[in-house]
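S.K.: need a 3D model of the following:
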Amino acid sequence: QYMDADPMFSPDGKRLYYISKRPRSGETKSRKDYDIWYSEKKNGQWGEPVSVGLTVNTDQNEYYISVSNDYSLYYSANYEDKSKNSYLYKATLVNGIYEVNLLPEIVNTKKGGIDPYITPNEDMLLFTADREGGFGGKDLYVSFNDNGNWTKAVNMGPKVNTSFREYCPSMSPDGKYVFFTSGRFTPFRTGERTNYQGFMDKLHSNDNQFGNIYWLKSDFLGGLKKQAMAN
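M.R.: Residues are numbered from 1 along each chain as shown. Sure thing, here's the model as predicted:
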């Protein structure tokens, strides 16, 4: 009966993380903000929802979680600028409690970012941002882990980004494919009046501006890594 969204499995498949407006312990009403919860799979059954704790969950929205092999959480929140930009955070488990750190400015910049996806071994971070020099709207960016330090985020380029909005990146478990959502489309009208059937065909196609899922092989990321390491 509460709002749930943004599901993401841990790499081992044992936990399902998501955001929810369900009440915390001691509360009775749906919350106004989203918190991060997870359910754990044991003996083939999903357990009761568990909050990741108040070191992560605040009275601001936390959303779009990605999980590494050691259950570190990468997510978006607007702790720093409650009225405007969201930024990317990492929460690390220390003695069973999550410690939260803002990712460095070389990743976040002053513009922030949303929709993080972290590879299981934390060697690469994909995310969505709206920055100068992009293709228009929100683009996908990638940063690489260079011996514990993140590289400057690189735009993922015209193979992925368009003048429309690209968002919610992820990768296949084997790392061979990149998936993302895009609002790309061609105009409904191209100078001629569209008839009803043409309009309905457009709405039911994958060229309808409603956010469709795309994929491509991840080979191109190797070139972006060389570019990032050279900066």
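S.K.: can we go C-alpha only for contacts and neighbour counts from here?
M.R.: OK.
S.K.: quick one: residue 118 and residue 77, what's the gap?
M.R.: The gap separating residue 118 from residue 77 is 16 Å, by CA to CA, to the nearest Å.
S.K.: lowest-pLDDT helix or strand in the chain?
M.R.: In the chain, no helix or strand scores lower on mean pLDDT, DSSP states H and E than helix 196-203, which sits at a mean of 85.
S.K.: which residues sit in contact with residue 35?
M.R.: The neighbours of residue 35, taking CA atoms under 8 Å, 6 or more residues apart in numbering as the test, are 19, 20, 21, 51, 57, 58, 61, 62, 63.
S.K.: surely the fourth one is in contact with residue 38?
M.R.: Yes - distance between residue 51 and residue 38: 6.5 Å, which falls inside the contact criterion (CA atoms under 8 Å).
S.K.: give me the residues contacting stretch 62-70.
M.R.: Contacts of stretch 62-70 (CA under 8 Å, 6+ apart): 6-12, 17-19, 33-36, 56, 73-78, 114-122.
S.K.: which of the contacts of residue 35 are buried?
M.R.: Buried subset of these (neighbour count, 16 or more other CA atoms under 10 Å): 19, 20, 21, 51, 57, 61, 62, 63.
S.K.: is it possible to get JSON lines of those residues that adds pLDDT?
M.R.: Formatted as JSON lines, these follow (pLDDT from 0 to 100):
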{"residue": "19", "pLDDT": "98"}
{"residue": "20", "pLDDT": "98"}
{"residue": "21", "pLDDT": "97"}
{"residue": "51", "pLDDT": "97"}
{"residue": "57", "pLDDT": "96"}
{"residue": "61", "pLDDT": "93"}
{"residue": "62", "pLDDT": "95"}
{"residue": "63", "pLDDT": "94"}
